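**Student:** everything below, folded, please.
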Amino acid sequence: MRSHFFKGLQGLTFSTLIGALLCAPAAHGVETVRVTVAHYSNGTAPYFRQMAEQFERANPGIRIKVEDVNWDSLLQKLQIDVAGGVNADISIIGTRWLPEMLQDDLVEPLDGYMDPAFRERFIGAFLTPGQAQGKTYGLPIAASVRGLFYNKQMLAKAGFPDGPATWSDVLQAARRIKQNGGYGFGLQGKEIETDVYWYYALWTHGGELLDAQGKPAFASPAAIRSAKLYQSLIGEGLTQPGVTSYSREDVQNLFKQGRLGMMISAPFVVKQLQKEVPRLQWGIVPIPTAGRAATFATTDSLILFKNSRVKRSAWKFMDFLFTKAPRVAFTSAEGFMPTTKEEAADPAFADPLTRTFVDMLPTARFTPTVQAWEDIAKSVSNAMQAVYLNRATPEQALGAAAAQAEQALKKN
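**Tutor:** Numbering: from 1, shown residues only. Below is the predicted model of the structure:
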């Protein structure tokens, strides 16, 4: 039975699939490793081709062939290639696609190729998103974490010139900012990562998304406390009005306008602020704590397809890409966060703003790698929207979300 990984193939013509078959490479005297990479920027393809040339000079019996694919079409490209049996040997994927690919047994476990020294290269739990059923299937090729951005002028007037350290600080600062006529804490209430905005409070209050038995823990005492924190921020008028009408970008725009004291966002916002509002004075601190340090992290993964006929050569190239020089060149150029210890220590990541994010990496946490997670995340978003709108108590909303999530997990 085909899983959801192939649902995007519905409606594709027979000629499209045949076209994929005709793209299969011819055999050569040396082993050819085909690599599909996601187009992050105009520098992505040149970087991978440069790495291929360096690798080929050191490994004359291996040829690397790089294919650069736009993110918008990458998933369908992989679906077509897999259906036609002409997929690359290695590919970058959105890590969230991994569970469906594993259901179809498409991905090679990497544990047999990795030695302890290779595993030790990685920071904290950055191998975790690419793992399932006790095995490692993906390597974190690209990563991002989240931090709290604060308006220096607003926070200084509120008595927190270095930004808040705890959620108690956030409440106190937000109250004073409100007195001064501003919005204290930007709270996202719609679209992508609405659920994630709650995870920041959940994790830092000591909560988990799934318990030790793999069951949803959305209604735990820590989960309820974190939801009530956001509820109190709204109730006291310490956020922007109409929270559920604000996406991540909307909250960021309020901050850029100098109307918002604090918000949580990603490293890519740094360049936006520097370019769009160069006069705005702002800083970054870790996610506020309530007993535990934590931040949300996302990754894209580099995988090895199970049907590859050149697995050992393909692994050699994967190993090479995760040595220090290739990692530093890729991560610094694309604006991602380091995932290995050696690259994190490089001067390329030494400026204070980047360093703040880098220092948070050991506390990074990820959403579970389970097939039903996107549906579960939607249930969490709906629950938090109900809380924000006072349509349900945290206990009611998160209890319902936990029940829905448990049913979704049982189906997969």
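
**Student:** in what helix or strand does residue 38 lie?
**Tutor:** Assigned by DSSP states H and E, residue 38 falls within strand 31-39.

**Student:** who are the packing partners of that strand?
**Tutor:** helix 44-58, strand 62-70, helix 71-84, strand 90-94, helix 311-321 (3 or more C-beta pairs under 8 Å, 6 or more residues apart in numbering; DSSP states H and E). In short, each C-beta sits where N, CA and C put it, glycine included.

**Student:** out of these, which one sits most buried?
**Tutor:** Burial of the helices and strands packed on strand 31-39 is given as mean neighbour count (mean count of other C-beta atoms under 10 Å); strand 90-94 ranks first at a mean of 23.

**Student:** quick one: strands adjacent to that strand?
**Tutor:** Take DSSP bridges as the rule and strand 90-94 pairs in its sheet with strand 31-39 (parallel), strand 295-304 (antiparallel).

**Student:** JSON lines for these, including distance to residue 224 and mean neighbour count?
**Tutor:** Formatted as JSON lines, the strands paired with strand 90-94 follow (distance: least, C-beta to C-beta, whole Å; neighbours: other C-beta atoms under 10 Å):
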{"stretch": "strand 31-39", "distance to residue 224": "38", "mean neighbour count": "21"}
{"stretch": "strand 295-304", "distance to residue 224": "20", "mean neighbour count": "24"}
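
**Student:** of all these, which lies closest to residue 262?
**Tutor:** Shortest distance between residue 262 and the strands paired with strand 90-94, using C-beta to C-beta, is found for strand 295-304: 15.0 Å.

**Student:** just how off-centre is that closest one within its chain?
**Tutor:** Centroid displacement of strand 295-304 relative to its chain, using C-alpha atoms, centre = their mean, to the nearest Å, is 6 Å.

**Student:** and that strand with helix 71-84, angle?
**Tutor:** If you take axes from the mean of the first three to the mean of the last three C-alpha atoms, to 10 degrees, strand 295-304 sits at 40 degrees to helix 71-84.

**Student:** between strand 295-304 and helix 311-321, how big is the angle?
**Tutor:** Strand 295-304 and helix 311-321 are oriented at 140 degrees to each other (the same axes, to 10 degrees).

**Student:** just the CA atoms of strand 295-304, as CSV, please.
**Tutor:** The C-alpha coordinates for strand 295-304 follow below in CSV (Å, rounded to 0.1, in the frame of the first residue of the first chain):
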residue,chain,number,x,y,z
THR,A,295,14.4,26.5,22.2
PHE,A,296,12.7,25.2,19.1
ALA,A,297,14.8,24.0,16.3
THR,A,298,14.0,22.8,12.8
THR,A,299,16.2,20.9,10.3
ASP,A,300,16.3,19.7,6.8
SER,A,301,18.0,16.3,6.4
LEU,A,302,20.4,14.7,4.0
ILE,A,303,19.3,11.1,3.3
LEU,A,304,20.7,8.1,1.4
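
**Student:** what mean pLDDT does that strand get?
**Tutor:** Mean per-residue pLDDT for strand 295-304: 95.

**Student:** swap in stretch 274-292?
**Tutor:** On average, the pLDDT along stretch 274-292 is 96.

**Student:** one more: stretch 196-216?
**Tutor:** On average, stretch 196-216 scores 96.

**Student:** related to what we said a few turns ago, can you give me the mean pLDDT across the strand holding residue 38?
**Tutor:** For strand 31-39, mean pLDDT is 97.

**Student:** then stretch 385-394?
**Tutor:** Model confidence over stretch 385-394, given as mean pLDDT, is 98.

**Student:** how about residues contacting it?
**Tutor:** Residues from elsewhere that reach stretch 385-394 (C-beta atoms under 8 Å, 6 or more residues apart in numbering): 187, 189-190, 194, 223-224, 227-228, 230-231, 234, 243-244, 383, 396-398, 400.

**Student:** so of those residues, which ones are in helices?
**Tutor:** 194, 223-224, 227-228, 230-231, 234, 383, 396-398, 400 (DSSP state H).

**Student:** output the residues you listed in CSV, with neighbour count and distance to residue 138 appended to each entry.
**Tutor:** As requested, the ones in helices among the contacts of stretch 385-394 are exported to CSV (neighbours: other C-beta atoms under 10 Å; distance: C-beta to C-beta, whole Å):
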residue, neighbour count, distance to residue 138
194, 24, 26
223, 29, 28
224, 20, 34
227, 26, 32
228, 16, 36
230, 23, 32
231, 16, 37
234, 21, 38
383, 27, 29
396, 14, 37
397, 25, 33
398, 28, 30
400, 17, 32
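
**Student:** as a markdown table, the strands paired with strand 90-94 with distance to residue 171 would be great.
**Tutor:** Shown next, in a markdown table, are these (distance: least, C-beta to C-beta, whole Å):
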| stretch | distance to residue 171 |
| --- | --- |
| strand 31-39 | 40 |
| strand 295-304 | 20 |
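
**Student:** so which of these comes closest to residue 139?
**Tutor:** Nearest to residue 139 among these is strand 295-304 (4.6 Å), distances taken as C-beta to C-beta.

**Student:** wait, residue 65 sits on residue 36?
**Tutor:** No. Assessed by C-beta atoms under 8 Å, residue 65 is found out of contact with residue 36, at 9.8 Å.
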